[in-house]
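In: Provided below are the primary sequence and the corresponding predicted coordinates.
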Amino acid sequence: MKIKKVYVEELITTKQINPGLELLNKQYDKRLKDAKHTVKSIRKNKIRFFGCFLGKRLIAVFGLIHHFSIRESQYGHLFGEDEHALRYVATVGQLASINQIRPNTLYSILFDTAQRLGISKLYAIITEHEPFYTDNLNATIHKQNCDIHVGSDVPVTAISMDCQALGKDTARFIRRSPSATFKYYEGNMVTLVRETCNSDAVWGPYQRSFTEIITSVQQEVYLDIAKQLDGPVLDVGCGPANLLKFIPDKRLEYHGVDQNPLMVLGAQTRINELGFTQASAEHGRTEQFYVSGFGVKTICSINSLYASQFPYEQLKHLANQLKKGGTLWLVNPNPNMTEEKMAQLLANERGRWGQHPLFDEFCNKNIELVKTFNAHFFPLEDLCNWLTSLGLEIKAQSSDYFAGAVNLIQAVKQ
């Protein structure tokens, strides 16, 4: 079965916001005329406006207005919450989609975004489908037939949805196990925008040598994972798709995503050269890449988590994208990966790769990466605890790779 890939980004510039408003207002025109928005009203009301894209096509939008308490909002009187009982809530006043996105994917994106922003509860007014919200999203109805004028004679209901403690129905609907994951980066999350993916400062110089040189310790990791893969496979931080060199089945369904456009270009070239018939590679950040449908069977994160700004957020997102019974292969350096250790590993490869014209460049870049990202070289125990908190069961774990400097974990979604 083909994976539908949905990419989400915040719409900030006028050029970005206008297509979102066109989609939103087209759906609001018949039922909610007074709810229609302009670029000016989006900014005046401090609405964070998000778009969901299938390929390059905008298929859904939603807006969030962040408050310290619900009483700060214009709808506060509908909910009657104690203003001291809540912190960092948001109202959802704008949501529209076309039929190319499944509701579970759309609400998965909505909840993930709210959690990234540190929002504890979402409030909304809805005009229909109350059982959908109460049954699937564990929503609480606060007031029906609200005194809100929306430009048409339409009954309005005020509801709220908890972002911190997902109910069983909600968790099942968005494919995430209930857990106490919200506390880790509460209030510190930033929303990543696609334009920020275009910088080549860190990864551009690495792409050329990384594509051509695959050391023996890297090959060991790829070989051990490749022989156990079951597609479809989502390879996050895929680089130039080095993993594909070790997969014999050219019919395997493979989808790579990487934040650097040069890496993606290298991956697309490798896919064509190796003759994979159901493979693709796309440009984007892992945290903004969603899988439509019931989830993906296998996710690989091979030496990419350390470069994430918020690694726990990324793991939470990956756990959400796995289908029940799906497997996450996580490979990441541990604190044993020092500059000295990397230098020794590279010295061991000089006999094999020393004559390659890009080897010195490869060595220098790897030493630089250790200096830059070693704060995210996590102990094996920490990674296992994180994955367990996300509802994954650890099936295999090892710190033996890269001469004891890299962890490998196989975890399965329960």
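Out: Ah, there it is. Treat the numbers as computed from the prediction; the structure is a model and nothing was measured. Numbering: from 1, shown residues only.
In: have a look at the chain and report the helix or strand with the lowest mean pLDDT.
Out: Lowest on mean pLDDT, DSSP states H and E among the helices and strands of the chain sits helix 168-173, with a mean of 77.
In: surely Tyr290 is within a strand?
Out: Yes - when DSSP: H, G, I helix; E, B strand; the rest coil is applied, Tyr290 is found to be in a strand.
In: quick check: it vs Ala60, distance?
Out: As judged by CB to CB, to the nearest Å, Tyr290 and Ala60 stand 11 Å apart. Where you see a C-beta, it was placed from the backbone N, CA and C, and this is true even at glycine.
In: one step back: mind saving the C-alpha coords of the least confident helix or strand of the chain as CSV?
Out: Provided in CSV are the C-alpha atoms of helix 168-173 (Å, rounded to 0.1, in the frame of the first residue of the first chain):
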residue,chain,number,x,y,z
LYS,A,168,-8.0,6.0,25.1
ASP,A,169,-10.3,6.8,22.2
THR,A,170,-8.2,9.9,21.3
ALA,A,171,-4.9,7.9,21.5
ARG,A,172,-6.3,5.2,19.3
PHE,A,173,-7.6,7.7,16.8
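In: okay, and the common contacts of Tyr290 and Ala60?
Out: Both Tyr290 and Ala60 are contacted by Cys52, Ile109, under the criterion CB atoms under 8 Å, 6 or more residues apart in numbering.
In: the more surrounded of those two?
Out: Legend: neighbour count by other CB atoms under 10 Å for Tyr290 and Ala60, higher for Ala60 (24 against 21).
In: so the more buried one makes contact with Leu106?
Out: Yes - if you go by CB atoms under 8 Å, Ala60 and Leu106 touch, sitting 5.5 Å apart.
In: got any residues that touch both of the two?
Out: Cys52, Leu95, Ser97.
In: so of those residues, which ones are in strands?
Out: Cys52, Leu95, Ser97 (DSSP state E).
In: what sits against the residue nearest to the first one when sequence neighbours are not counted?
Out: Read it as Cys52. Computed as CB to CB, 6 or more residues apart in numbering, the closest residue to Cys52 that is not its neighbour in sequence is Ala60, at 4.0 Å. By CB under 8 Å, 6+ apart, Ala60 lies in contact with Leu23, Gly51, Cys52, Leu95, Ala96, Ser97, Ile98, Ile101, Leu106, Ile109.
In: how about the spatially most central residue of the chain, secondary structure?
Out: A centroid search over the chain (CA atoms, centre = their mean) returns Glu287, at 2.2 Å, as the residue closest to the centre. What three-state DSSP gives for Glu287 is helix.
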